[in-house]
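Trainee: Attaching a predicted model along with its sequence, questions to come.
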Amino acid sequence: MSSVDTSIVSIVRRFNRFYTNVLGLLDQHILNSEFSLSEARVLFEIENTENCTAKMLIDQLNLDAGYLSRILKRFEKQGISYRIKSNEDGRSYYLFLTDQGKDILSKLDTMSEEQVRQLVNNLPEQHQRHISKHMMAIENVLSDNSHKVQNVHIRSDLKPGDVGFLIHLHGWVYAKECGYNHVFEGYVCKTFYEFFEKYSPDKDRFWFAEVGGEIVGAIAIVGHSSEKAQLRWFILHPEFRGIGLGRTLLQEALDYCKERKYQTVFLETTEDQKKAIQMYQNVGFKKTAEREDHSWGVSHTEEVYELSLI
């Protein structure tokens, strides 16, 4: 017997029925064209998958082999696609779209985009963003890690509300994972207050990782002098760890330090941040100091790491 709450199953099924009706897909054809949904997906995957084969299409689209074979034969007969035998495996064929096939796909894409645009056009901008964010959340939760990486956008411009969200994210993550109390969140607020008293875009920089307009990770460099900088507020939402995003953010920060010709970069962390510490050590940070602390509701060891860039 499954342990999944039956109400969750009911909600997912209801949403599937609702969304299918919203997009008008029950007739199994796209925008009154001659192509079924499955055929349109096959066109898309052939064009956008490197070294696409029939087996890959069967696996990716969960299609019956016989049904896919009929689709591909029709496409070849109509001059929409063609195949070339693989040099590595004589039993496999790589699939490609002809110019006619690419033109058909382009028209289908344009019509599909217009259909969605009409669907959301009259909605307030806030509702449009909600739809985008939650659809992306569904995809990220149910997909493998490669889809999460594709959906991440990194920006370095500082917008109103960014810091407020980072304070919230720090408070939530560290309470959940380390048992820190409200005093820690107050400490984070204080660090940002002190930072903005001396903030200068000429020496300080943020990087925000976003998915659907929502921050899922961040890192910052704070310039203390012409030679020394501090790495601060490095954090990732738990759902976006293990996909290389942390390494990407860290490298962005270090590249900026080199560009600014900082000679050393230091950071402060706690001994319980083992994965982050390993990441720091992998790029050359060395521990230079540590001290016991009993703030934030738990006993912990604060550690200082430093990296030489010369």
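Mentor: Looks like it came in fine. Numbering: from 1, shown residues only.
Trainee: Only C-alpha atoms from now on, for both contacts and neighbour counts.
Mentor: Will do.
Trainee: ok, the residue nearest to Thr270 when sequence neighbours are not counted - how many residues close by?
Mentor: Among residues not flanking Thr270 along the chain, Glu302 sits closest, at 4.4 Å (C-alpha to C-alpha, 6 or more residues apart in numbering). Per other C-alpha atoms under 10 Å, the neighbour tally for Glu302 reads 16.
Trainee: ranges for the strands of the stretch 1-150 of the chain?
Mentor: Under the criterion DSSP state E, counting those that start in this stretch, strands of the stretch 1-150 of the chain are mapped to 81-85, 93-97.
Trainee: Now do the buried residues in the helix or strand hosting Leu250.
Mentor: In the assignment (DSSP states H and E), Leu250 maps to helix 245-259. The neighbour-count check on helix 245-259 (16 or more other C-alpha atoms under 10 Å) flags Leu245, Gly246, Arg247, Leu249, Leu250, Glu252, Ala253, Leu254, Tyr256, Cys257 as buried.
Trainee: Quick one: mean pLDDT over the helix or strand that that helix is followed by.
Mentor: Counting by DSSP H and E, the next helix or strand C-terminal to helix 245-259 is strand 264-270. Strand 264-270 carries an average pLDDT of 96.
Trainee: Show me how far strand 264-270 is from its chain's centre.
Mentor: On the basis of C-alpha atoms, centre = their mean, to the nearest Å, strand 264-270 sits 26 Å off its chain's mean C-alpha point.
Trainee: Partner strands of it and their direction?
Mentor: strand 228-236 (parallel), strand 300-308 (antiparallel) (DSSP bridges).
Trainee: quick one: contacts of the helix or strand that that strand is followed by?
Mentor: Beyond strand 264-270 on the C-terminal side, the first helix or strand identified by DSSP H and E is helix 274-282. Helix 274-282 has contacts (C-alpha atoms under 8 Å, 6 or more residues apart in numbering) with Arg247.
Trainee: how big is the angle separating helix 274-282 from strand 228-236?
Mentor: Calculated by axes from the mean of the first three to the mean of the last three C-alpha atoms, to 10 degrees, helix 274-282 forms an angle of 140 degrees with strand 228-236.
Trainee: quick one on the thing from earlier: could you write out the alpha-carbon coordinates of the helix holding Leu250 in PDB?
Mentor: The C-alpha trace of helix 245-259 is given here as PDB (Å, rounded to 0.1, in the frame of the first residue of the first chain):
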ATOM      1  CA  LEU A 245      25.400  25.400  -9.000                       C
ATOM      2  CA  GLY A 246      27.500  26.000  -5.900                       C
ATOM      3  CA  ARG A 247      30.700  25.500  -7.800                       C
ATOM      4  CA  THR A 248      29.500  27.800 -10.500                       C
ATOM      5  CA  LEU A 249      28.600  30.600  -8.100                       C
ATOM      6  CA  LEU A 250      31.900  30.200  -6.200                       C
ATOM      7  CA  GLN A 251      33.900  30.400  -9.500                       C
ATOM      8  CA  GLU A 252      32.000  33.500 -10.500                       C
ATOM      9  CA  ALA A 253      33.000  35.200  -7.200                       C
ATOM     10  CA  LEU A 254      36.700  34.100  -7.500                       C
ATOM     11  CA  ASP A 255      36.900  35.200 -11.100                       C
ATOM     12  CA  TYR A 256      35.600  38.600 -10.100                       C
ATOM     13  CA  CYS A 257      38.300  38.800  -7.300                       C
ATOM     14  CA  LYS A 258      41.000  38.100  -9.900                       C
ATOM     15  CA  GLU A 259      39.500  40.700 -12.200                       C
END
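Trainee: quick check: mean pLDDT across it?
Mentor: On average, helix 245-259 scores 95.
Trainee: tell me what that helix is packed against?
Mentor: strand 205-211, strand 214-223, strand 228-236 (3 or more C-alpha pairs under 8 Å, 6 or more residues apart in numbering; DSSP states H and E).
Trainee: Mean neighbour count added to those strands, as CSV?
Mentor: Converted to CSV, those look like this (neighbours: other C-alpha atoms under 10 Å):
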stretch, mean neighbour count
strand 205-211, 21
strand 214-223, 22
strand 228-236, 20
